[in-house]
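**Student:** got a predicted structure here, sequence first:
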Amino acid sequence: MKPLLLDQAFLAGLGNIYTDEALHRARLHPLAASDSVKRKQAERLWEAIRAVLNEGIRRNGASIDWVYRGGEFQNYFRVYDREGKPCPVCGTKIQRLVVGQRGTHVCPKCQIKR
């Protein structure tokens, strides 16, 4: 799933952070094959992408550079950059993987690879 969501020809502008956050909210594993996603899962992902982007806009983006203080969405990440910390949904420790040469953050309980 994640490589497809980061493919700018498929979906421009989502980016690494918002992809991790949307996949978590949709309860989809980043390594799941995109052609295995059922309609209900795709609808959940669409809603999760919209919710994450809307929240990012409301919070003025995700400024992860301490010098720039414009945004605050990084203070509300559920999985991104939270390796070893508890998932806010289930309490399981967030894991970091590499998917398509990108750091990827996942909850192994909420996002079971199927």
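**Tutor:** Good, I have the coordinates.

**Student:** ok, now how distant is residue 22 from residue 1?
**Tutor:** 10 Å (C-beta to C-beta, to the nearest Å). Glycine gets a C-beta too; all of them are placed from N, C-alpha and C.

**Student:** which neighbours do these two have in common?
**Tutor:** Here residue 22 and residue 1 have residue 45 as joint contacts, going by C-beta atoms under 8 Å, 6 or more residues apart in numbering.

**Student:** give the buried residues for the lowest-mean-pLDDT helix or strand in the chain.
**Tutor:** None of the helices or strands of the chain scores lower by mean pLDDT, DSSP states H and E than helix 2-6, at a mean of 94. Buried residues in helix 2-6, defined by neighbour count with 16 or more other C-beta atoms under 10 Å: 2, 4, 5, 6.

**Student:** buried residues of stretch 53-61, list them for me.
**Tutor:** So, applying 16+ other C-beta under 10 Å, buried residues of stretch 53-61: 53, 56.

**Student:** what does that stretch rub up against?
**Tutor:** Contacts of stretch 53-61 (C-beta under 8 Å, 6+ apart): 14, 18, 62, 70, 71, 72, 73, 75, 76.
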